[in-house]
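Peer 1: Could you look at this predicted model? Sequence included:
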Amino acid sequence: MSKAIKSLKGRRVLISQPERKESVIELSEADKAHMDTEDMKKWTKLTVYAVGEEVKTLEAGDVVYIGVNSIKNAEAIEVDGGIKLMVSEYDIAIVW
C-alpha cells in the first residue's frame, strides 16, 4: 500500500496509468479523446499501485491486463502526483 493512501476499501484496485508523451501539436478535445481510446488498446501490461483490504490474490507492483471496456469505465483519481485508475478486482483478467 502506498504511503499516499491510508487504506483502499473492499475489492478495489488502483492501477498506475501509463504516462502519455506530450505532443507538440495542439489537439482538439475530440482528437485527444480519440487518442486516449487508441492508447488504451495498447495498455496490455499495467502496474498495480495499491489493492483494497479484501483483495487477496494481488499486491502492489504486480503487472496485470484489464480489458479496454473496464479501463474506459474506470474512475481516474490523482494520487502521488499521478493519475491512478480505480477498478474492481474482477476487472483484472491476467496477472503476468
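Peer 2: Perfect, I can see it now. Numbers count the residues shown, from 1 in each chain.
Peer 1: can you give me the helices for the chain?
Peer 2: Per DSSP state H, the chain carries helices over the ranges 29-40, 68-73.
Peer 1: Nearest to Ser88 among the ones you listed would be which one?
Peer 2: Among the helices of the chain, helix 68-73 comes nearest to Ser88, with 7.9 Å by C-beta to C-beta. C-beta: built from backbone N, CA, C; applies to glycine.
Peer 1: related to what we said a few turns ago, of the helices of the chain, flag the one that's most buried.
Peer 2: With neighbours taken as mean count of other C-beta atoms under 10 Å, the helices of the chain reach their highest mean count in helix 68-73, at a mean of 14.
Peer 1: any chance of the helices of the chain in CSV, with distance to Lys56 and mean pLDDT too?
Peer 2: Shown next, in CSV, are the helices of the chain (distance: least, C-beta to C-beta, whole Å; pLDDT from 0 to 100):
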stretch, distance to Lys56, mean pLDDT
helix 29-40, 27, 79
helix 68-73, 20, 92
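Peer 1: Below-threshold pLDDT in the chain: ranges please.
Peer 2: 1-3, 20-23 (pLDDT under 70).
Peer 1: Which residue ranges of it form strands?
Peer 2: Using DSSP state E, the strands of the chain run over 12-16, 46-51, 63-66, 75-79, 82-88, 92-95.
Peer 1: Thr57 is nearest to which of the ones you listed?
Peer 2: Closest to Thr57 of the strands of the chain, according to C-beta to C-beta: strand 92-95, at 7.5 Å.
Peer 1: List the buried residues of that closest one.
Peer 2: Ile92 (16 or more other C-beta atoms under 10 Å).
Peer 1: Export that strand to PDB, keeping only CA atoms.
Peer 2: The C-alpha coordinates for strand 92-95 follow below in PDB (Å, rounded to 0.1, in the frame of the first residue of the first chain):
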ATOM      1  CA  ILE A  92      -8.400  -7.900 -13.900                       C
ATOM      2  CA  ALA A  93      -8.200 -10.700 -16.500                       C
ATOM      3  CA  ILE A  94      -4.500 -11.700 -16.500                       C
ATOM      4  CA  VAL A  95      -1.700 -11.300 -13.900                       C
END
